[in-house]
Structure formats: structure tokens, C-alpha cells
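Peer 1: Got a sequence here, can you model it:
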Amino acid sequence: MSPVIKVIIPAFNEADSIGKVIHDIPDSVSEVIVVSNGSTDTTEEVASEAGATVLQEGRKGYGYACLKGMDYVASESPHPDIIVFLDGDYSDYPEQLDEVVAPILEDDIDMVIGARVKEMREAGSMTLPQIFGNWLATFLMRLFFGSKFTDLGPFRAIKYEKLLALNMEDKTYGWTVEMQLKALKRKYTCVEVPVKYRNRIGVSKVSGTVKGAIFAGIKILGWIFKYSFKR
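Peer 2: Residues are numbered from 1 along each chain as shown. All right, here's what the predicted structure looks like:
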């Protein structure tokens, strides 16, 4: 029997990109769930026309949108085997999804991070604050927890039951690092798969603003130091 894979895509005003994202997701996925995070454009209409299940989450925040998607999945039966998180701005390459989930299916790995390696990134696709913040966060995770993560990339796959056991709670910018820290604490098996990365369509709501970059950095470092003192 084929594994049931569902994709959760948080989206805030991604009308120009969301249809492309959905179109490029492989047929191995049984359901694409787009969570409109207070969109004021036609994101919801475009996503629905492209075949996605569309949810609404009026509270702004990446984590809020992801949690909304998880609540929806929990209400359905049967539950999926794997959840994939993917951004709605077309910076990731959705057609690589089968590569990202392969370690789970072939090697029984618990969680896979799509690592945006330098050689596979389009020029300008990650800002200098993003690159530095990513390096600092993963360096501290190696220092405090002995992790091998090199990226906090949003394109990731995780076994559904393992995801539920993490009791995810971050509502905004700390979602990705919270997941990785909790996976380390629970001693999940984790690997990275190199993925391509391109310039997003539209302006980033986080790295594209000074406020967003600062708050994201504070949230990410906050999670790391919180868990370093818990040990």
C-alpha cells in the first residue's frame, strides 16, 4: 500500500505563486492543504482552483498557519503517514518532494530537512541576514546539542505520529527551529537532503523587512537558548 502523504502550505498573499507550487507537487501526494494566513488577495481562489484544500487562519504567523493545517489533518480519517511542509512563494522546488520523503520511506528516518545548500541556491535567493542567521542557529545547535543540521529550511518531511509527539507550539517565526530542537531532544533520526532554492515570487514577509528579520532572529535564538538551559 502506498504511503499517505499530505502537504501543508502556509500562504499569505501568494496569489502569483501558489498555483505554480501546487501544480509542481508530485502525484505521490494525496492532499495539498493551503492555509491562507489572512490573505487579502486571490490566494484562496487560486489555490482552490489548482485543486488544494483551502483553510483560513486569520491570526498572522507562520506557526499559526501550520498548526491550523495540523488541526485539519487530525480531524480527518485515516491519518496520513507523512506530513510535508512547503512554502507558498515558489522559492522551493516542489517537484523534489519525492527526494525529500525518500529517506523516510526507504530508511525509516523520522524527519528530513530540505537543506538549501549554496551550490544549489539561485543568486540572491537568500538574504545576508538569512544566511548569517541560518549559520548562527545551526552552529549553536551543533555546539549545544551535537546536531548535524546545516539549515532551518522550511521544505521538510516528518512522520505524522512523530510530528504529533513534538507538541508543536510556536505561533510565528520559531516554528522550524522548534521542530528541529524537539526532534533532537527526542532523539529522532534526522537527515538532510540537498534541495534547490530560487528567488521567491513577490516580497518576503520575514526576510524582506528589517522588523521581520529581527523578530525571526530573536525567536530562533530564544528557542535555542531555552532548550540549552533545559538540558
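Peer 1: need the contact list for the nearest residue to Pro154 once chain neighbours are set aside.
Peer 2: In space, Pro154 comes closest to Asp87 once its chain neighbours are excluded; the distance is 4.9 Å by CB to CB, 6 or more residues apart in numbering. Using the backbone N, CA and C atoms, a C-beta is placed for each residue, glycine as well. Residues near Asp87 by CB atoms under 8 Å, 6 or more residues apart in numbering: 9-10, 21, 154-155, 200.
Peer 1: quick one: buried residues of stretch 127-139?
Peer 2: 129-130, 133-134, 137-138 (16 or more other CB atoms under 10 Å).
Peer 1: In a markdown table: the residues you listed, plus distance to Val112 and secondary structure.
Peer 2: Compiled in a markdown table, these are given as follows (distance: CB to CB, whole Å; DSSP: H, G, I helix; E, B strand; the rest coil):
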| residue | distance to Val112 | secondary structure |
| --- | --- | --- |
| Pro129 | 26 | helix |
| Gln130 | 21 | helix |
| Gly133 | 22 | helix |
| Asn134 | 17 | helix |
| Ala137 | 18 | helix |
| Thr138 | 16 | helix |
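Peer 1: got the residues you listed as CSV, with pLDDT and distance to Ser2 columns?
Peer 2: CSV is the format used below for these (pLDDT from 0 to 100; distance: CB to CB, whole Å):
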residue, pLDDT, distance to Ser2
Pro129, 82, 41
Gln130, 85, 36
Gly133, 83, 38
Asn134, 87, 34
Ala137, 87, 35
Thr138, 92, 33
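Peer 1: Pull out the buried residues from stretch 17-34.
Peer 2: Those would be 17-22, 25, 29, 31-34, for stretch 17-34 by 16+ other CB under 10 Å.
Peer 1: contact partners of that stretch?
Peer 2: 2, 4-9, 11, 14, 43-44, 46-47, 49-55, 69, 72-73, 80, 84, 86-90, 92-95, 97-98, 101, 200-202.
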